[in-house]
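Enquirer: quick one: sequence plus predicted model below, questions after.
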Amino acid sequence: MRPDFFPIEDDDEELFGIMAECVDFLEQGESSRPYIPRMVVERDRYGADERLMAAYFNENPKDEYLRRPTSDDIQRLYARHEELHGFPGMLGSIDCMHWPWRNCPKAWQGQFTRGDHGHPTIMLEAVASYDRWIWHAFFGTAGSNNDINVLNQSPLFREIIEDRAPDSSFNVNGTHYKKGYYLADGIYPEWSNFVNRIHALKMRSGRNLKSFKKVPGRMSSVEDAGYAISSLKDGDDIDPIVLPERTFEERIALHQRTSKELRDRNVHHALRHDLTEHIWRLPA
């Protein structure tokens, strides 16, 4: 405001005071409710995931339920899943769930709301075995995403890509596979570690079909049960993970190789064929 256009005199001091009060009133809004300044909420999903991993997925766990499976755990899961459902090499079921966010800020509701839900949600990706043991959980992705978007952000295959995952090889129909697989919905990609759940149901005979259908639903039931199951007992010890020293070029080459093996569609279709042949040989 130029002072030569609006010279300030003694008689105008009261007018300028009223104008200042009007400006403050307009900035606060015309609502009768008290003015509450906006708070900036910093979102750090990757940091939250790291804290979750540090708190629950310890490298030397003793009493933790949420943790990565060891080689003994993998063999136990293989044996139990094959006994119950006839599927060798199955680690568990992977799925995403939407958790309602009642107090979602209005500015974020468009990002966290998907049309088929109609309200803000936060997505949880989890892997569960037959005994409700959830050993992988990735939480915090906006509800407007789908399962593929969450998978591309989650650290589920971090150990496989870094080549430090425990041995999970198995044989089916005379073919040797390096890594176990997860039952997944049809939206998941045709990777070497996924088997479509609908296709698996078609393969399975009617003898254990009812119990097989319960596997994916166990992840949702844990939400109400409030606990998970682990085979680790007091006094058990796990050797710490020792990462090999690699140069930058070696890490790049390793990442390219493991990522290519993970996304190999030929292995996916070969595994599905071998599982089909294996299921049809089972006694009725």
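Expert: Right, received. Where do you want to start?
Enquirer: against residue 157, how distant is the residue nearest to residue 74 when sequence neighbours are not counted?
Expert: Spatial nearest neighbour of residue 74, excluding adjacent residues (CB to CB, 6 or more residues apart in numbering): residue 168 at 5.0 Å. For the C-beta atoms, the positions are set from N, CA and C on the backbone; glycine is no exception. Remark: distance between residue 168 and residue 157 (CB to CB, to the nearest Å) = 12 Å.
Enquirer: do the same with residue 175
Expert: Distance from residue 175 to residue 157, by CB to CB: 21 Å.
Enquirer: who has more neighbours out of those two?
Expert: More crowded of residue 175 and residue 157, by other CB atoms under 10 Å: residue 157, with 17 against 14.
Enquirer: show me the contacts for the more buried one.
Expert: 193, 262 (CB atoms under 8 Å, 6 or more residues apart in numbering).
Enquirer: now the helices for this protein?
Expert: 13-28, 45-56, 71-85, 109-112, 147-153, 158-161, 197-203, 209-225, 248-262, 265-281 (DSSP state H).
Enquirer: can you flag the weakest of those by average pLDDT?
Expert: In terms of average pLDDT, helix 209-225 trails the rest of the helices of the chain, at a mean of 43.
Enquirer: ok, longest strand in this protein?
Expert: strand 90-100 (DSSP state E).
Enquirer: list the buried residues in that one.
Expert: By 16 or more other CB atoms under 10 Å, the buried positions in strand 90-100 come out as 90, 91, 92, 93, 94, 95, 96, 98.
Enquirer: can you put those residues in TSV and add distance to residue 253 and pLDDT?
Expert: Listed next are the buried residues of strand 90-100 as TSV, based on distance: CB to CB, whole Å; pLDDT from 0 to 100:
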residue	distance to residue 253	pLDDT
90	31	92
91	27	91
92	30	88
93	33	88
94	28	91
95	33	89
96	32	90
98	39	89
